[in-house]
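# how would this look folded up:
(one chain, ligands or ions: 1)
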Amino acid sequence: MKPLEGMTALVTGASRGIGAAAAVMLAEAGAYVVVHYHTARDKAEATARECGRRGAGALVLQADLGSPDGPDRLKRALDEAGLAPDILVNNAGVSRYGLFTDVTEKDWNEVVGVNLWGLFRLTQLLVPAMVRRRYGRIINVSSVWGIAGASCEVLYSLTKGGVNAFTKALAKELAPSGITVNAVAPGAVETDMMRDFDEAELAALKEAIPAGRLARPEEIASLIRYLALPEAGYITGQIISPNGGWIA
Ligand code: NAP
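Next comes the predicted model:
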C-alpha cells in the first residue's frame, strides 16, 4: 500500500515548476491530486496526466488566488467535486525584481495578493475539515528570502517572511488537532521564476551557491512529499530551506 493512498492533496500553482513536481510526487505516493492553476490550463492538464500515469486520479481546477474571491471560488469547486483535502501545498507564488522605491501599489496588490492573501484565505477555508478529521498536512512554499531578505526583492521577501511567521503561528494553533504546518523555503530553483536572470547573473548566482548550481524542482518536491507523509507527524512549525548550502 502506498503511504498516501486514500488521501486527497491540493497543490496550488501545479501547472509548472515546483508545484508540478510536487503534484506528481504526491500522486506517486498514492494521493488523489487536485492540480490547481491560474492561466496555464494546458500545462495543468499535462501535470494531471502525469499524476494519472503514476496510478492516482487527478482533477484540474482554476482560480486566481490573488483576487479577493479566488480562494473562496476554489473552495466551492472542491465542494462541488466532493473533495476536502487532507494535504494542502500552498505553492502558488509570484515575484517582482526591482528597487524598493519603484514598487507600486499594483505590485503590492499582486504579490501580497497571491503570496499572502491567497495562501491565508485558502488555508482558512480548508482547515475546518482537517480539524473535524483530526488530521492534516499543510506545506507552505516560502523562500530563502523570507529568512535572509534580498536586495531588489523587498516586497517578495516581505511576503515570504509573512509566510514563515504564518507557518510558525498556525502550527501552534493546529498541533492539538493533529495537523502539521511547515514551510519549505527553497534557494534558487530552475523554474520559470528564474527566467528574468541573464547568463551573467545566473553564473554569479551559481558561484555564490556552495553546491555550484540551482536546484531541480524535484529536489524541492521530495521535501514537500516527505512533509506530507503520515510519518512526518512530529515535524511542525518548521521552516526548512533546501538551498545548496547558500544560506545557513
Ligand atoms: P513558477 O514556475 O513561476 O510557477 C508559478 C505558479 O504559480 C504557476 O503554477 C502559476 O499558475 C501560479 N500562479 C501565479 N499567479 C497566480 C495567481 N494569481 N493565482 C493562482 N496561481 C498563480 O514558480 P516556481 O518557481 O515553481 O515557484 C513556486 C513557489 O516556489 C512560489 O511560491 C515561489 O515563490 C517559490 N520559490 C521559488 C524559487 C525559485 O527559484 N524558482 C525559489 C524560492 C521559492 P499558471 O502557470 O497557471 O499561471
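
# ok, the closest residue to Phe197 other than its chain neighbours to the ligand distance?
Leaving aside its sequence neighbours, Phe197 sits nearest to Leu205 (C-beta to C-beta, 6 or more residues apart in numbering; 6.9 Å). Every C-beta, even on glycine, is put in place using the N, C-alpha and C of the backbone. In this view, Leu205 and the ligand are 10 Å apart by C-beta to the nearest ligand atom, to the nearest Å.

# Leu205 contacts Leu214, doesn't it?
Yes: between Leu205 and Leu214 a contact is recorded at 7.3 Å, counting by C-beta atoms under 8 Å.

# shared neighbours of these two, anything?
Ala188 (C-beta atoms under 8 Å, 6 or more residues apart in numbering).

# please identify which of these two sits among more neighbours.
Leu214 (20 against 16; other C-beta atoms under 10 Å).

# so what's the predicted local confidence for that one?
With respect to pLDDT, Leu214 scores 97.

# same check on the one 3 residues further on?
Here, the pLDDT recorded for Pro217 equals 98.

# what's around it, how many residues?
Taking other C-beta under 10 Å as the neighbour definition, Pro217 ends up with a count of 21.

# who's in contact with it?
Gly17, Ile18, Ala20, Ala21, Val189, Glu190, Thr191.

# okay, and the residue nearest to Phe197 sits in which element?
Assignment of secondary structure by DSSP states H and E places Leu205 within helix 199-208.

# hmm, who's touching that helix?
The contact list for helix 199-208 (C-beta under 8 Å, 6+ apart) reads Ala188, Met194, Phe197, Gly212, Arg213, Leu214, Trp246.

# which non-adjacent residue is nearest the first one?
Yep, that's Ala188 we're talking about. Excluding its sequence neighbours, the residue lying closest to Ala188 (C-beta to C-beta, 6+ apart) is Leu214, at 4.6 Å.

# also the second one?
Spatially, and ignoring its direct neighbours in sequence, Met194 is nearest to Ala188 (6.4 Å; C-beta to C-beta, 6+ apart).

# for the protein, which residues are neighbours of the ligand?
Neighbours of the ligand within the chain, by C-beta under 6 Å from any ligand atom: 13, 15-19, 37-40, 64-66, 91-95, 114, 141, 143, 186, 188-189, 191-194.

# going through those, which ones are buried?
Neighbour-count burial (16 or more other C-beta atoms under 10 Å) applied to the residues of the chain next to the ligand gives 13, 15-19, 37-38, 40, 64-66, 91-95, 114, 141, 143, 186, 188-189, 191, 193.

# go through these and flag which are in helices.
In this view, these that belong to helices under DSSP state H are Gly17, Ile18, Gly19.

# quick one: classify Arg137 as helix, strand or coil.
For Arg137, the assignment made with DSSP: H, G, I helix; E, B strand; the rest coil gives strand.
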